[in-house]
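Engineer: I'd like to go over a predicted model; first the sequence, then the structure.
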Amino acid sequence: MNYKLIFNIAKSLLLARWKQTLVAAIGVTFSITMFITLLSFMTGLNDLLDGLILNRTPHVRLFNDIKPNKHQPINSTVTYGKDYNFINSIKSSSSRQEIYNSGAIMESLSKDANVMGLAPKIIAPVFFNDGSIDITGVINGIDVEEESRLLHFNEYVTSGNPLDLKNVSNSIILGKGLAGKLIANIGDVVQITTSKGERFQLKVVGFFQSGLLEFDKTQSFATLGTVQKILGKPNSYITDIQVKLYDIKKAPALAREYTQLYGADAEDIQTANSQFETGSFVRSLISYAVGITLLVVAGFGIYNILNMMIYEKMDSIAILKATGFSGTDVKRIFLVIALTIGLFGGTLGLAFGFLLSSVIDQIPFNTAALPTVTTYPINYNPVFYLIGSSFSLITTYLAGFFPARKASKVDPVIIIRGK
Amino acid sequence: MSDIILEARGICKYFYDPVKVKVLNEINFSINKGDFVAVTGKSGCGKSTLLYILSTMDTDYEGELLIDGELMKGKKEKQLARIRNEKIGFVFQFHYLLNEFSVLKNVMLPGLKLGKYSDTEVADRAMEKLKMLGIENLGMKKANQLSGGEKQRVAIARALINDPLIIMGDEPTGNLDKKNSEIVFDIFKELAERYKQTLLIVTHDQGFAANTHRIIEMEDGKIIK
């Protein structure tokens, strides 16, 4: 096929109506620009919100839940063991919150090929004493380095150095809200009372701001050793093992496996935070829907302009056909016109979309809840650009297809004789 | 036998709207190489209809049409387009030049479509045809900057570009003043006599027809002479 000639004719037809062509191309440019900007911004926002929770949530958490014992004595009896027994007023057993044999579990986990890393943790409920007032709170005993590496702990410490927890003995990092209640500054000493009634004094070395206000009003962090000391437990005492995996999708399956393997409860991130995934999904869906609607509207614009062009160029189509151009050739000419509009408008749209999202990326966005964020979040995912460009081509192709088919079916005899 | 370029065998054509009317009735004739034929007749006698059937653009007819010994019936749209491109040149009552292109490009288009020669060769040949018709100075102008007579001459050059077996004309002088009609007729005459070009011209201009080599006269869908 003589594509050079077809491109040549398409070019001439396009340039002869360059104003219409421009309007059509601007339609595509606008829609692609908005598509890219919308998705980049929306996904950026999604990532930010997800990060609030998901970054700080381990993929699998091993712990001992407080719950009734599964093995009730009646089920072990020979007589009734095989029956279905209804037991009333069952109570949770006073099992320890400690994970049994935590050292061996951690060693075995760290050898697991699926595991990126693990951070042991102790959760200890305490009272913060401020004069005559006791404020309930939680001290999380953590391994500062692992917690920072796997769960971005350091990013949320707004003042003070997180490593001071390790370097200063009996130190604590308070949640910003909690510090406000205690009127504690860095360097001050706060007094706590454990649930067993023992009193301790801890030095404040930093403040912590997670973005979740309620969370910051109760939480504080100290090293594993400090918390073990407060609770009067040996240094093997650990209540949680937080596991970060290479592939987050394997979390539910691995959680089940670990439950079996280590005899502890295991909770995966999907179960713990399913609402976040749903929220992200719906937000993305809306962005895609709006973007695609814009593109479809632009497609109708192209369809109209091509249709008009075909009515205008009826004579030209007739003579092209009379002098030996087949219907397919004519169709190709109009498809090339449509695709040129799509390609040109789409490419510009990608560029403008990138520019616009860069501009949004520069707009200051300061909120007390998000200490690490200073401008609006933008996700520059190349996938959006790929979707945008392929979609601009697909819509313009479809918008061009029907007019082009109409053009290919023009009967030259009717046109020429009709004069 | 090989001299016969176009042959019509028992061609019948009906119009269906609003009622079935037979517009062509058993048309039989043939055209030899180098013939300069005029088809005349009153308005509505079916002469244009016949021309469009002979040109392969209208495929809805009964009977057989042979161009260059090849039967046209049953050929696909693409094949017919190829035959029109290669073997038939058209001159219509209206020039049908593409305003988006220069005169030269207009003449070149069917040649480029044929793809037998390179682009520069086609340009040379187009220039040659324009020169032959005495309008080589118009080559770079846009088609809509030309006068009616000039446009028709460009259309003739376009018809000639692929050295067709036959040139078909549908009232080629119908839209021109007397002076331009004469120029166009003289061109046809010269093409026929000097270049032995086969021509089939539909016209109602008796003066035009009288000067051709052969007249086919039609009445009510039949050839009467």
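Structural biologist: Yep, it's here.
Engineer: for the residue nearest to residue A:93 when sequence neighbours are not counted, grab the count of nearby residues.
Structural biologist: Distance criterion Cβ to Cβ, 6 or more residues apart in numbering or on different chains; nearest residue to residue A:93, sequence neighbours excluded, is residue A:69 at 4.4 Å. Every residue, glycine included, has its C-beta placed from N, CA and C. The local packing of residue A:69 (other Cβ atoms under 10 Å in any protein chain shown) involves 12 other residues.
Engineer: residue A:69 touches residue A:76, doesn't it?
Structural biologist: No. Counting by Cβ atoms under 8 Å, residue A:69 does not reach residue A:76; the two are 11.4 Å apart.
Engineer: okay, buried residues for the longest helix along chain A please.
Structural biologist: Counting by DSSP state H, the longest helix found in chain A is helix A:274-312. Within helix A:274-312, the residues that qualify as buried are A:276, A:280, A:287-288, A:291, A:294-295, A:298-299, A:301-307, A:309-310, counting by 16 or more other Cβ atoms under 10 Å in any protein chain shown.
Engineer: list the contacts of stretch B:28-43.
Structural biologist: B:3-11, B:47, B:50-51, B:165-166, B:188-189, B:192-193, B:196-204, B:206, B:208-209, B:212-219, B:223 (Cβ atoms under 8 Å, 6 or more residues apart in numbering or on different chains).
Engineer: what's the nearest residue to the residue of chain B found nearest chain A if we skip its chain neighbours?
Structural biologist: Of the residues in chain B, the one nearest chain A is residue B:85, at a distance of 2.2 Å by Cβ to the nearest Cβ. Using Cβ to Cβ, 6+ apart and skipping residues adjacent in sequence, the residue nearest residue B:85 is residue A:324, 2.2 Å away.
Engineer: assign a three-state SS to the one you found, would you?
Structural biologist: Three-state call for residue A:324 (DSSP: H, G, I helix; E, B strand; the rest coil): coil.
Engineer: and residue A:126, by the same measure?
Structural biologist: Under the three-state scheme (three-state DSSP), residue A:126 adopts strand.
Engineer: report the beta-bridge partners for it.
Structural biologist: residue A:137, residue A:194 (DSSP bridges).
Engineer: isn't it up against residue A:197?
Structural biologist: No. Using Cβ under 8 Å as the test, residue A:126 is too far from residue A:197 to be in contact (10.9 Å).
Engineer: more neighbours: which of those two?
Structural biologist: residue A:126 (22 against 7).
Engineer: for chain A, what are the nearby residues on chain B?
Structural biologist: For chain B, the residues in contact with chain A (Cβ under 8 Å from any Cβ of the partner chain) are B:48, B:52, B:55, B:57-58, B:77-78, B:81-82, B:84-86, B:90, B:92-94, B:96-101, B:109-110, B:112-115, B:158, B:162, B:170.
Engineer: let's see that with 7 Å instead.
Structural biologist: Residues of chain B lying close to chain A by Cβ under 7 Å from any Cβ of the partner chain are B:48, B:52, B:57-58, B:77-78, B:81-82, B:84-85, B:90, B:92-94, B:96, B:98, B:100-101, B:109-110, B:112-113, B:115, B:158.
Engineer: now, of those, which are buried?
Structural biologist: B:48, B:52, B:57-58, B:81-82, B:84-85, B:90, B:92-94, B:96, B:98, B:100-101, B:109-110, B:112-113, B:158.
Engineer: hang on, the earlier thing: phi, psi of the residue nearest to residue B:85?
Structural biologist: phi 110, psi 10 (degrees, to the nearest 10).
Engineer: grab the nearest non-local neighbour of residue A:320.
Structural biologist: That would be residue A:330: by Cβ to Cβ, 6+ apart, it lies 6.2 Å from residue A:320.
Engineer: who are the packing partners of the host helix or strand of that neighbour?
Structural biologist: For residue A:330, the host element (DSSP states H and E) is helix A:327-362. In terms of contacts (3 or more Cβ pairs under 7 Å, 6 or more residues apart in numbering or on different chains; DSSP states H and E), helix A:327-362 is packed against helix A:3-16, helix A:18-50, helix A:274-312, helix A:314-322, helix A:382-408.
Engineer: downstream neighbour of the helix or strand that contains residue B:28 in the secondary structure list?
Structural biologist: Using DSSP H and E, residue B:28 sits within strand B:21-32. Counting by DSSP H and E, the next helix or strand C-terminal to strand B:21-32 is strand B:36-41.
Engineer: helix/strand/coil for the residue most central in space within chain B?
Structural biologist: Closest residue to the average C-alpha location of chain B: residue B:168 at 1.7 Å, with Cα atoms, centre = their mean. What three-state DSSP gives for residue B:168 is strand.
Engineer: need the pLDDT of it.
Structural biologist: Model confidence at residue B:168, expressed as pLDDT, equals 87.
Engineer: equivalent analysis for residue A:354, please.
Structural biologist: On the pLDDT scale, residue A:354 gets 92.
Engineer: separation between it and residue A:291?
Structural biologist: As judged by Cβ to Cβ, to the nearest Å, residue A:354 and residue A:291 stand 15 Å apart.
Engineer: next one: residue A:377
Structural biologist: Applying Cβ to Cβ, the value for residue A:377 to residue A:291 is 18 Å.
Engineer: in a helix, residue B:175, correct?
Structural biologist: No. Under the criterion used here (three-state DSSP), residue B:175 is coil, not part of a helix.
Engineer: pretty sure it contacts residue B:93?
Structural biologist: Yes. Shown here, residue B:175 and residue B:93 form a contact pair, counting by Cβ atoms under 7 Å, at 5.2 Å.
Engineer: ok, and the closest non-adjacent residue to residue 56?
Structural biologist: By default, I'm working from chain A. Per Cβ to Cβ, 6+ apart, closest to residue A:56 is residue A:151, 5.2 Å.
Engineer: um, chain B though
Structural biologist: Nearest non-adjacent residue to residue B:56 (Cβ to Cβ, 6+ apart): residue B:80, at 4.6 Å.
Engineer: let's test this: mean pLDDT of the biggest helix by length in chain B, rounded?
Structural biologist: Counting by DSSP H, the longest helix found in chain B is helix B:178-194. Helix B:178-194 shows a mean pLDDT of 84.
Engineer: who touches that helix?
Structural biologist: B:36, B:133, B:148-149, B:152-153, B:156, B:172-173, B:176, B:197, B:199, B:201, B:208, B:211 (Cβ atoms under 7 Å, 6 or more residues apart in numbering or on different chains).
Engineer: quick one: buried ones out of the residues you listed?
Structural biologist: Buried among the contacts of helix B:178-194 by 16+ other Cβ under 10 Å: B:36, B:133, B:149, B:152-153, B:156, B:172-173, B:176, B:197, B:199, B:201, B:208.
Engineer: distance of residue B:83 relative to residue B:54?
Structural biologist: 12 Å.
Engineer: tell me where chain B has helices.
Structural biologist: Going by DSSP H, chain B shows helices at B:47-54, B:77-87, B:103-114, B:119-132, B:148-160, B:178-194, B:206-210.
Engineer: list the buried residues in the fourth one.
Structural biologist: Meaning helix B:119-132. Result for helix B:119-132 [16+ other Cβ under 10 Å]: buried residues B:122, B:123, B:125, B:126, B:127, B:129, B:130, B:132.
Engineer: now the shortest one
Structural biologist: When neighbours are counted by 16+ other Cβ under 10 Å, the buried residues of helix B:206-210 are found to be B:208, B:209.
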